[in-house]
Each structure stands twice: as C-alpha cells, then as structure tokens.
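Trainee: prediction below, plus the sequence it came from.
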Amino acid sequence: MANLMTHIVAGYPSLNESKKLVKIMVKNGVKFIEIQIPFSDPVADGKTILDANIKSLKNKINADDCLKLMKELKKEIKIPLLFMTYFNIVYKYGLEKFIKAASRAECYGLIIPDIPIDEESYENYIKLCKKYKLHAIQVISPITPIRRLKKIARVASGFVYCVSRYGITGEKDILNPDLEKYLKLVRRFIKKPLALGFGISKKAHIKAASKHADIVVIGSKIINIYNKAENNKLHEVEKFIRKVNSSLPS
Amino acid sequence: MSLKSYLLNKSGHFGEYGGRYIPEMLIPVMEELEKAFYESKNDKNFLKELRNLYNNYSGRPTPLYFCKNLTKKLGGAKIYLKNEGLNHTGAHKINHCLGQGLLAKKMGKKRIIAETGAGQHGLATATIAALLGLKCIVYMGEKDYYRQRPNVFYMERLGAEVIPVKTGGRILRDAINEALRDLLANPKDTHYLLGTICGPHPYPVMNTYFQSIVGKEVKKQLKKEERRLPDYLVACMGGGSNAIGLFYEFLDDKNVKMIGVEAGGKGIKKENNKCTHAARFETGSKGVVEGFKSIFLQDENGQILDTYSISAGLDYSGIGPQISYLKDIGRIQTDYALDKNVLKAYEILAQNEGIFAALESCHAISRVIEIAPKLSKNKIIVVNCSGRGDKDLFITANKFDKENFQKYLSNFVKNG
C-alpha cells in the first residue's frame, strides 16, 4: 500500500493559508507533508515552487516563522510533518540550533537536497539529526551509482526520497519509463521505505508510482491547482487530493 | 605546506570553504568532471593541445607592459600591467573556456551550457563551442539579456542559443541557478562551463588551474625585465577568476603582497534590501549557495541579496572559496573601489597609456592609482588588466558623452 506525501511552501500565499492547506491535506488522507522553508535560490525547484518561494519571501517568512508554524500544527496533527529547505537556511540559522528547534517542534525529519553525504565530515548534519531524533531524509536519483546507494543505505533514516527522473520539481506529461528497474535496484540496497517524487501529477503517474514506491509525492501540481482555481481554492485542492487518494491502491 | 598545492587539493575544501553542496543528481556529474580534470592535468597530449590553443588561438602570452607614463605621473612604484584584454574575445575568460572545452570534448559531451552576466563569459563559451563543434546554450538573466544586446548578438552569430532567464531578480545569479537546473535535467550529455572559481568542486580548483597561466607568464616576464619578483599584485574580484589567475603562481613567495579589489558601487550601503555594492568582504557572511561554501552577501535569514556594480562582471553576491580562505589566513588583502573612482581610472589609463581597460579591471587600476604614489620608486606593482574596455561602450558613453551618444542612437534608429 502506498501513502501520499504532499508539499506546501510555508507562507505561500500566507501563513494562515498554509495552515489551512495542511489541515485539508490531513483531513483527506495525506500521510506525510513537506513544509518548505523559502529560500532565494532554490536550485532544485522548477518555476511553480520557485515562484511560491519568492512570494513567501516577500511576505518576510523566515525559519522562525516556519518553526512556529510546525509547532502550532503539531498540536492538532498526528501525521509526520517534515521541513524541506536548502542548506544555507539552516546553516545561517545555526545547524544545531535549527535541528534542536525543529525537533522540539515535533518535526519528523528534514529534506535538504543540497547537503550530500560527502560533506558529513565537515557539517555533521546527519549526526546532529540523530542526536535530536530527527530523520535526515536522504535523496537519491536515477543516476546514483551502486557504490553511493550502499553509502546512503548506511545513513538512511525514516524513508528515502527517490527523485523520479532527471531535472527539477514540476509537472511533466510522462513519468520515467524505467521507474520499475530504478526502484528495484534501489531496494536491493536500501531497506527503508521509498518515496517517489518529481513530476508526479496525473492519475496514471500515481498509479504507476504507487506500484513501486511506498510513498508517492505530489508537490508542484497542488500549488498549480491552488493558483489556477479562481475561487474556493482550498476546495479545489481538497477535491484533487480526495481523487488522488481514491486512486491509490489500498 | 605549499599554498599552491593546497589550492589544487583533490577534495576541493579550502579551510572551511569550498566543498560540493549539490543535489545527489549532480554528484556523479561532478565526479566525472573531477576525474577528467585530474587526469588531463597530467596528460601531456591534453596540455600540448591546450598550450597550442592558448598560443595560436588566443594569442598568449599576453604582454606584461611597463606603464611608463602612469608610473611617472604618479611618481611612486613602478607599474606593470598584465594585458589579458589582448586575448581573443577580449578577456581572461577564454583561459578556462579553452581548458573546459577540451575537457568536455574528452568526456564526449555534445552540449555546453553556460551562465553569463554581461555576456563576456557567454561570448567566450560560444566562441570555443564554435571552435570545438559543440552545441552551446547560454543562460542570461532577462535584465542582462536586454541591456547587453551587443553580446547577445555576437553569441547568436557564433551559433549559440541565448535564453533569457525570467526567474528571481533576472540577473547573473538566476542565470547560474538556471544553468544548474539545465544540468540536473541533462546530466549525461551536457557540460556546464562555469565561468569563475565558484560553484561545486571541481570548478574552483579547475578554473584556478586554467587561469594560473596568467601569473606564470607574469613571473617569467618580470624576471626578464627586472630580474626579480613583484612587491604587489593587484586584481579586481567578481567571482575571483582573474585575481586567482594572477596570484596563484606567487602564493608561496611570501614577500609578494596581494590585493583583491571588489566593487564598491555607490558605497557600502543597503537600500530596499539590496546592496548598493558587491563587496562581499565588507558586509558578507559565511554561507552555502550554488554548490559551495564561501562568503556571500545575504541577509540575517540566509536569503541572498541582490548586488550592484557599474561592471556586470563584478556584480555577484558570492566569491570563490579559495579567495575567502586566502583572506582568512591573511595571505591576501581585500579592498573596494567606488564607481566614480573606477570611471576616473578608466580615463587616466586611457589618456596616459592609450589602453581602454574593462570597467572590472578599472577597479584594480583605481587602487593602483591610490597606492602607487605612497610607495617608493624601487617597488613594483603588477596589475591585472583582465579585459579590454570596448565591451563597455554603452556604459562609458552614457557616463562621458551622454548627449552625443543619445543623438547618435536615435538617428541610428530613425534612419537605420
């Protein structure tokens, strides 16, 4: 059975709306939510999420706001909530200080795409996450070689985020046709649950992804639905999530 | 330990700076490039080919010219100017473009992508792509795309596709991010020809190596002229490629002082959350951006700030990690030059030596004009004239001869 993970950019379009979005997602069966802390230079993100980052920054959202948001949400929400961001945000905040605060806010784990395992001896990122009982979610790609899969397997915690294809976040028409082969290879080395994300937006994608992955991630698509809806934006998002969840095999 | 060998170390860390802070997808790409680079560095045929292109295509060695008139006028230290502006395409950028172009060929890449601000690095990249028969795509912030039309024109004539980047502030930083996104989407057949000593390992090491030819020539040329080492080396610093190019060969010569000059713009201030300068060492702080750790102009939350400089080549919020390291250990000093003094330096050099320096290089020259008179006549300064000034026509004309130039342009538009 595959679970659904969704994503929001904290403070897009406002903190209040972010809260409502998270609650709607939880109400409609989402099992994990990534809360992105905005960054001025989000290099792994496509236009949809990038624009949302910039808008959120115009609202002057910072890491403290996001930590507060996490804390408030966790008062009512049981499912795991994660922070997604870029390394400079947590580095500038103070790595240990941030990890400690996130842990106190009952955050489940961190997804930071630009801190590869190779920098561990300089940053102690994984070590600090362990110390404060936070999952340092590892990210892998279709071109991650086996020797690196083995290394990543040793530090994997929570689940492992598999990027479905080359490129950045954003909707695409076709899902990677070699998905099955890719995830089978990953499973040989990594025994944690696998999340699959990037470019998943259509019913057919979700069906295909849920066959091979434990967690299916939908990001940009939801922001696009929200942006496109002329009125009752939250209701449109709700409708979409309900539809997606019903198409997941149970 | 020799600083020279440390700066080319295989891990790409320099003290606490440098590294490879990139998404997992790019790691195999950087590993492939790293391997190709360190192999080629010791490959006689590769070096022979590169040397041939340096000499016969770009016109190396570039002259080390004794500025007799300027020296006399300032009445202090002897001033030598390393004229990298006489390279093919008009600046030192061609040095690492030729090196990386050959590497791309060696790795069997079919496609070269690059970022560019003013268009100089894009132009050099498009040039070597044409030379080596590679497809070339240049990312350029939309703002730069429209204000640097002549360079867009040249790149397109060379067969490159120039893509205006519409994200973020639509400047150099956004072009770098977009090039990285392209590489994420095309990790197998594409080489990202990054144009300075920034970015993830191996770019800082690799571009330092390819640029080190500048200082190597200076050492030889000065030895012939003066039979000794210089006392001061002065270079402007955007990403840091021309500065490291000049400094590198002298890093272990303890008595050679080195000064890197940043863009002071309109002064060291912040207006509407934007810097009115690009002087990282004045108000920057440690950060991890675009794949490397260094000093960046950023706010207290780690958001990168927009910068300003009269010269597009220095208008950047980060700086090469080796430069931050050399500054930390006290091996180099840094300083900044204000726009108004840069323009003065531009005119002084032109009218005393008949050389138009790029506005970037005029930052270094401006500092030389200030320090030379304070030094005794037996001291020697070498300043890197990293590029020639032709490319700045629309900026300099606007500053020195606005009315006539506007008349000329409006006539041109009217009559074709």
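Mentor: Right, received. Where do you want to start?
Trainee: near chain B, which residues of chain A show up?
Mentor: A:39-41, A:43-44, A:46-47, A:50-51, A:54, A:57, A:62-63, A:87-89, A:91-93, A:113-116, A:118-119, A:122, A:138-141, A:143-145, A:148, A:163, A:166-168 (Cβ under 8 Å from any Cβ of the partner chain). To be clear about C-beta, it is placed using only N, CA and C from the backbone, and glycine gets the same treatment.
Trainee: selection in PyMOL covering whichever of those are buried, please.
Mentor: To isolate the buried ones among these in PyMOL, judged by 16 or more other Cβ atoms under 10 Å in any protein chain shown, type:
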select buried, chain A and resi 39+40+41+43+44+46+50+51+54+57+62+63+87+88+89+91+92+93+113+114+115+116+118+119+138+139+140+141+143+144+148+163+166+167+168
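Trainee: quick check: which element contains residue 209?
Mentor: The chain I'm using is chain A. Here A:A209 is covered by helix A:203-212, with elements defined by DSSP states H and E.
Trainee: if you could check chain B rather than the one you did, that'd help
Mentor: B:Y209 belongs to helix B:203-211, assigned by DSSP H and E.
Trainee: could you point out which element follows that helix?
Mentor: helix B:213-226.
Trainee: thinking again about what came up before, the residues of chain A next to chain B in strands, which ones?
Mentor: Residues from those lying in strands, with DSSP state E as the criterion: A:138-140, A:163.
Trainee: so who does the residue of the stretch 1-150 of chain B found nearest chain A touch?
Mentor: Using Cβ to the nearest Cβ, the single residue of the stretch 1-150 of chain B nearest to chain A is B:M25, 3.8 Å away. Going by Cβ atoms under 8 Å, 6 or more residues apart in numbering or on different chains, B:M25 touches A:141, A:143-144, A:163, A:166, B:184, B:187.
Trainee: circling back to that earlier point, which of the ones in strands among the residues of chain A next to chain B lies closest to A:A229?
Mentor: Among these, A:V163 lies closest to A:A229 (Cβ to Cβ), at 27.9 Å.
Trainee: correct me, but that closest one touches A:S141?
Mentor: Yes - using Cβ atoms under 8 Å, A:V163 is in contact with A:S141, at 4.6 Å.
Trainee: who touches both of the two?
Mentor: With Cβ under 8 Å, 6+ apart, A:V163 and A:S141 have common neighbours B:23-25.
Trainee: which single residue in chain A comes nearest to chain B?
Mentor: A:K92 (3.1 Å).
Trainee: is the spatially most central residue of chain A in a helix, a strand, or coil?
Mentor: In chain A, the residue lying closest to the centroid (Cα atoms, centre = their mean) is A:E34, at 4.0 Å. Judged by DSSP: H, G, I helix; E, B strand; the rest coil, the three-state class of A:E34 is strand.
Trainee: residue in chain B nearest to chain A?
Mentor: B:G302 (3.1 Å).
Trainee: the lengthiest strand in chain B: partners in the sheet, and parallel or antiparallel?
Mentor: The strand spanning the most residues in chain B, taking DSSP E as the definition, is strand B:257-265. Take DSSP bridges as the rule and strand B:257-265 pairs in its sheet with strand B:232-236 (parallel), strand B:333-338 (parallel).
Trainee: hmm, back to that, okay, the residue of chain A closest to chain B: pLDDT?
Mentor: For A:K92, the pLDDT comes out at 98.
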